[in-house]
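[1] For reference, the sequence and a predicted model appear below.
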Amino acid sequence: MVQKILGVVLIVLGLAMILVDVSFTMEFMARGLELHKTCPLPPGVCPFIETPWQGYFLFSIGIALIVMGVYLYRYRVQPEQPRPMLDPKKAQETASKLDGDEKAVYQFIAAGNGMVFQSKLIEKTGFTKVKISRILDAMEAKGLLERRRRGMTNIVVLK
């Protein structure tokens, strides 16, 4: 809801900025035409008859504010879905069916509420990268977990 309000505020601010810009530019042009009557220079050289660059700049900012406001008003940010808590009984039951290394890895992941970085597994278990990869490959083949790519590492998530 805050996002929509911010969008409306940006749209109104952008429109106000454009209206102020147009009114000032029109006033500047009208005064410039009056001053040009007394200016001996030709129309292409006379500084009084040109539109000021500030007017274009202010108009561009107004358009940018309107575009951002429409984006914020129109598109909704999806809230992050809370991850369901891992059932401890099910985790213990599954861990009891695994061998030594797989059991240790599974219990460490379960202790982290079913989600842990693969690099943290390597650090905390003391296993090599290759050994952790092989253990996770075997557990993934059994359907116990999945690895999700996050930047330069993986997040290991229990199913």
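    Everything's here; your move. Nothing here was measured: the structure is a model prediction, and the numbers come from that model.
[2] which stretch of helix or strand covers Leu58?
    Per DSSP states H and E: Leu58 is located in helix 53-74.
[3] How about residues contacting that helix?
    If you take CB atoms under 8 Å, 6 or more residues apart in numbering as the criterion, helix 53-74 is touched by 3-4, 6-18, 20-22, 24-25, 28. C-beta coordinates here come from the backbone N, C-alpha and C atoms, glycine included.
[4] can you give me the mean pLDDT across the helix or strand containing Phe28?
    Applying DSSP H and E as the criterion places Phe28 in helix 2-36. What helix 2-36 shows for mean pLDDT is 84.
[5] Check the gap between Ser60 and Met17 for me.
    10 Å (CB to CB, to the nearest Å).
[6] And Arg74, by the same measure?
    Using CB to CB, we find Arg74 at a distance of 20 Å from Met17.
[7] can you check Thr38 too?
    Thr38 is 33 Å from Met17, by CB to CB.
[8] so the helix holding Leu58 versus helix 2-36, what angle?
    Interaxial angle, helix 53-74 versus helix 2-36 (axes from the mean of the first three to the mean of the last three CA atoms, to 10 degrees): 160 degrees.
[9] neighbouring contacts of the helix or strand following helix 53-74?
    Where DSSP H and E defines the elements, the next helix or strand beyond helix 53-74 is helix 88-96. Residues outside helix 88-96 that contact it (CB under 8 Å, 6+ apart): Lys103, Tyr106, Gln107, Ala110, Gly114, Leu144, Leu158.
[10] contacts for the next helix or strand after helix 88-96?
    Per DSSP H and E, helix 88-96 leads on to helix 100-111 as the next helix or strand towards the C-terminus. Helix 100-111 has contacts (CB under 8 Å, 6+ apart) with 86, 88, 91, 94-96, 98, 115-116, 121, 124-125, 127, 131-132, 135-136, 138-139, 144-145, 156, 158.
[11] buried stuff in helix 100-111?
    Under the neighbour-count criterion of 16 or more other CB atoms under 10 Å, helix 100-111 has Glu102, Ala104, Val105, Tyr106, Ile109, Ala110 buried.
[12] ditto for stretch 119-130
    Quick answer for stretch 119-130 (16+ other CB under 10 Å): Leu121, Ile122, Phe127.
[13] Any chance of TSV for these, columns pLDDT, distance to Ile66 and secondary structure?
    Formatted as TSV, the buried residues of stretch 119-130 follow (pLDDT from 0 to 100; distance: CB to CB, whole Å; DSSP: H, G, I helix; E, B strand; the rest coil):
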residue	pLDDT	distance to Ile66	secondary structure
Leu121	90	49	helix
Ile122	89	50	helix
Phe127	90	56	coil
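[14] Alright, calling it a day.
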